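Student: Fold the following.
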Amino acid sequence: MTAALSVPALLPTYAPYPFPLVRGEADRVFDDQGHAWWDFYGGHCVCATGHSHPTVVKAVAAQAASLLFYSAAAALPVRNQAAAQITAFAGMDSVFFCNSGAEANENALKVALLITGRKRLAAFQGGWHGRTLLTLSVTDDPKITEPFADQLVPTLRLPFGDLAALEAADFSDIAGVILEPIQSMAGIKTASKAWFQALRAKCDAAGTLLIFDEIQTGMGRMGTPFAAQFYGVRPDLITSAKGLASGVPMGALLMTSAVASKLKGGDLGSTFGGGPLACAALLATVEVITSEGMMANATAAAARLRQELVGSVVTEVIGEGLLLGLRSVHAPALKKHLLARNILVGGSGDPDVLRLMPPLNVSDEALIALITAIHAF
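Tutor: Residues are numbered from 1 along each chain as shown. As a prediction, this is how the structure comes out:
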């Protein structure tokens, strides 16, 4: 009889920090030795309202005490309230709730294929949209897509932000085109407002659905509710997750009335999507972002970093709002330097770009600590 292999109970995925985290408060997290860390990574852009914001904690606790869960088999007032709140916040008409960003993107792509009847998708070089099969089809990351190449949907892939390439592309058989308004994993790549407007016009002319993957750019991070408002373009579908419920797992597929009216009961479904706990957290999240001026803080914090990092090892601050990249030829060493000073930042697919995705209520104290540490490099 073959002896069982020794494997860890928790399957390894990412290399974790060299210390466990046990508590969070606002823009800091704490390890098991009581050391505090300024969190400019935000659990990968998730902690929009900061760690354990009291309003969110209170809402989650109250909901858990009254009704922890029921599926879409029952109408729930908290779910209806959450739907009204997030559609108004996003400037969209209808929402389907799910559990993660990959699910939201998978369903967005499925909707595009379903209601157009077409068989191809379009996406952009450097785009990263998830690990489900349809999202792998549009994700530009060969190390995770190549093992499933035979199962992926044919996808036209274009250079991001390139107006000439966009104008030359043929969308006549494209069901939907998906993009991150800011390409985060690729190294905080941006495009012009004119390019976004040209993309909207191109989709309109071809009958192609435009999908904004706002899993990182949404929920006030760019100083507006979503990037759609920032760029002045209304897509047909917006996907949201990460900061949507301040860390409670939740995804959302937001859509226009033109899209929603073409879907019928049973086209989409999810057991846990729109659960009462997540909906209560969503309602509290939107309340906190709007009532505490967090979008204005995101804009001001970004402006301060751009101004005060001049003359440092950081040669350029890229991105918008609090989805920023710090460009430096010394980026790997700078990341280690910051970690040694109890500051957490993220890397990216560009070895010269570090990512900042802190809570939207990041404090002056945290900004000063980061700026001081960078100038001391």
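Student: Quick one, grab the pLDDT at Ala61.
Tutor: The per-residue pLDDT reported for Ala61 equals 98.
Student: what's the next secondary structure element after the helix or strand where it lies?
Tutor: Assigned by DSSP states H and E, Ala61 belongs to helix 54-66. Moving toward the C-terminus from helix 54-66, the next helix or strand (DSSP H and E) is helix 77-90.
Student: other SSEs contacting that next one?
Tutor: With contacts taken as 3 or more CB pairs under 8 Å, 6 or more residues apart in numbering; DSSP states H and E, helix 77-90 sits against strand 94-98, strand 237-240, strand 251-255, helix 276-291. Yep, even glycine has a C-beta here, placed from its N, CA and C like the rest.
Student: To Gly346, which of these lies closest?
Tutor: strand 237-240 (19.8 Å; CB to CB).
Student: Checking the closest residue to Thr116 other than its chain neighbours next. Helix, strand or coil?
Tutor: Leaving aside its sequence neighbours, Thr116 sits nearest to Ala175 (CB to CB, 6 or more residues apart in numbering; 4.4 Å). What DSSP: H, G, I helix; E, B strand; the rest coil gives for Ala175 is strand.
Student: from what I can see Ala175 touches Ala123, true?
Tutor: No: Ala175 lies out of contact with Ala123 (CB atoms under 8 Å); the separation is 11.7 Å.
Student: Give me the below-cutoff pLDDT ranges for the stretch 201-350 of the chain.
Tutor: Filtered on pLDDT under 70, the stretch 201-350 of the chain yields no residues whatsoever.
Student: In it, what residue spans correspond to helices?
Tutor: In the stretch 201-350 of the chain, the helices defined using DSSP state H, counting those that start in this stretch lie at 227-231, 257-260, 276-291, 294-308, 331-340.
Student: And the residue nearest to Thr116, how far from Ala122?
Tutor: 9 Å (CB to CB, to the nearest Å).
Student: More neighbours: these two, which one.
Tutor: Comparing Ala175 with Ala122 by other CB atoms under 10 Å, the one with more neighbours is Ala122, at 29 against 24.
Student: so who does the more buried one touch?
Tutor: Counting by CB atoms under 8 Å, 6 or more residues apart in numbering, Ala122 makes contact with 138, 155-158, 169, 171, 174, 176-178, 208.
Student: Which helix or which strand is home to it?
Tutor: strand 120-124.
Student: Check which element follows that strand along the chain.
Tutor: helix 133-138.
Student: Okay, buried residues for the next helix or strand after that next one please.
Tutor: Later in the chain than helix 133-138, the nearest helix or strand by DSSP H and E is helix 142-145. Counting neighbours by 16 or more other CB atoms under 10 Å, one finds that the buried residues in helix 142-145 are Thr145.
Student: Same question for stretch 339-348.
Tutor: Buried residues in stretch 339-348 (16+ other CB under 10 Å): 341-346, 348.
Student: Would you mind measuring the gap between the ends of it?
Tutor: 16 Å (CA to CA, to the nearest Å).
Student: and that stretch, how far from the chain's centre?
Tutor: 20 Å (CA atoms, centre = their mean, to the nearest Å).
Student: List the contacts of it.
Tutor: 17, 29, 35-41, 44, 184-188, 325-326, 331-332, 335, 338, 354-357, 369-370, 373.
Student: What about those, which are in strands?
Tutor: 29, 36-39, 325-326, 354-356 (DSSP state E).
Student: In the residues you listed, find the pair that's most separated.
Tutor: Most distant of those, by CB to CB, are Ala36 and Gly325, 25.0 Å apart.
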